[in-house]
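Enquirer: Fold the stuff below for me.
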Amino acid sequence: MICVLTAVEEELEVALEVLGGGFSEDRPEGWPMDRTLYRGRVGENPVVLTSTGMGKICTASTAELISHILQPQAFFFCGCAGSLVPGLEVGDLVIADSVSQWDLGVIYPESYESLGSCTPGGITVICTPRKASPVLLDLARKSASSLALPGWEGRVEEGGVVTGDKAVWSRSHREWLAGTFGAVAVDMESAALAEVAAARKIPFLVVRGISDTHEAELSSLHRVLPRSDISPARIFLRRGLVVLFHPLEGVRMLRLMRATKDVTRPAASLVRNILREWDLGQELDTIVSGGGES
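Expert: Modelled structure (predicted):
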């Protein structure tokens with residue numbers, strides 16, 4: 001069984017539509033009542049699909065729960081990410097050859113030092129990123145070479161992705177991330193999945209659609225995101241006020257919200273093509289031997 005993850009419900013809706021396969025809701029023993037899990041098939045492969053929620057804690061807890069209950073043969077993560085480099089534009093795809101945590105480190109009086117990722121137990125520090133399964137990367141490259149979607153004119157790039165629990169809407173900080181880590185995109189979940197996959201020795205692959213460029217900056221995003229302590233009606237009012245009093249900022253946020261779904265489509269399509277064209281079950285031994293590496 002293969003597990004496909006997204007961060008938020010908007011991405012999950014697109015992934016369900018793209019993967020097809022007659023997915024239906026499923027609730028295996030031990031699965032939380034407040035979470036929705038979908039089960040279906042893509043090609044010859046049984047697949048489960050769910051969203052993790054934003055951030056590393058939500059992603060790690062979901063991936064660990066799935067690992068414990070369902071024991072997947074491989075993890076895929078698809079959704080949106082922000083560009084860190086010029087030339088990587090909205091709608092382009094990134095196949096992550098490695099992922100690392102950018103916000104795990106030490107703050108000194110005059111500097112910040114990144115520590116990369118930690119082994120289970122948090123004692124030994126590994127300053128190298130978690131690497132995607134070489135076999136899954138090779139499958140992704142082959143599928144990407146023939147990826148074609150109506151209206152999609154993006155390109156596919158392979159490179160490193162960095163993950164943090166903070167949304168980065170500062171051009172200077174994105175430039176710092178690109179220079180410090182040599183990464184091409186930033187998100188809030190992928191490295192957390194990679195840590196669980198490494199601990200469980202499960203191969204993984206991350207495919208991200210670019211939803212905003214390296215130059216993108218916002219100052220009011222926190223005002224329009226859903227919050228547990230604010231009613232949906234009030235959030236809707238806040239969004240309207242941002243658009244009214246800060247029209248340029250409002251337009252940027254509306255574009256971002258639309259792009260979240262739009263760029264998930266090619267990412268999910270690439271994952272679908274991988275699962276359709278190859279029977280991963282037949283190559284399990286090879287994939288596992290090449291996956292979950294640090």
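
Enquirer: Tell me which helix or strand residue 39 sits in.
Expert: strand 37-42 (DSSP states H and E).

Enquirer: how far off strand 37-42 does the helix or strand that that strand is followed by point, in degrees?
Expert: For strand 37-42, the following helix or strand on the C-terminal side (DSSP H and E) is strand 45-51. Here strand 45-51 points in a direction 150 degrees away from that of strand 37-42 (axes from the mean of the first three to the mean of the last three C-alpha atoms, to 10 degrees).

Enquirer: can I get the CA coordinates of strand 45-51 in PDB?
Expert: Extracted in PDB, the C-alpha atoms of strand 45-51 (Å, rounded to 0.1, in the frame of the first residue of the first chain):
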ATOM      1  CA  ASN A  45      -1.300   0.000  -6.500                       C
ATOM      2  CA  PRO A  46      -3.600   0.300  -3.400                       C
ATOM      3  CA  VAL A  47      -3.400   3.800  -2.200                       C
ATOM      4  CA  VAL A  48      -4.500   5.800   0.900                       C
ATOM      5  CA  LEU A  49      -4.800   9.500   0.900                       C
ATOM      6  CA  THR A  50      -5.200  12.100   3.700                       C
ATOM      7  CA  SER A  51      -4.100  15.600   4.700                       C
END
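
Enquirer: for that strand, packing partners?
Expert: Secondary-structure packing of strand 45-51 (3 or more C-beta pairs under 8 Å, 6 or more residues apart in numbering; DSSP states H and E): strand 2-6, helix 9-19, strand 37-42, helix 56-70. Heads up, the C-betas are built off the backbone N, CA and C, glycines and all.

Enquirer: so the longest helix belonging to the chain versus strand 2-6, what angle?
Expert: In the chain, assigned by DSSP state H, the helix with the most residues is helix 247-277. For helix 247-277 against strand 2-6, the angle by the same axes, to 10 degrees is 170 degrees.

Enquirer: Now find how far off-centre helix 247-277 is within its chain.
Expert: Using C-alpha atoms, centre = their mean, to the nearest Å, the mean C-alpha position of helix 247-277 is found 11 Å from that of the whole chain.

Enquirer: and what of stretch 17-30?
Expert: With C-alpha atoms, centre = their mean, you get 19 Å for stretch 17-30.

Enquirer: what's the span of that stretch from first residue to last?
Expert: 26 Å (C-alpha to C-alpha, to the nearest Å).

Enquirer: Report pLDDT for residue 260.
Expert: The model reports residue 260 with a pLDDT of 84.

Enquirer: Many thanks, we can stop here.
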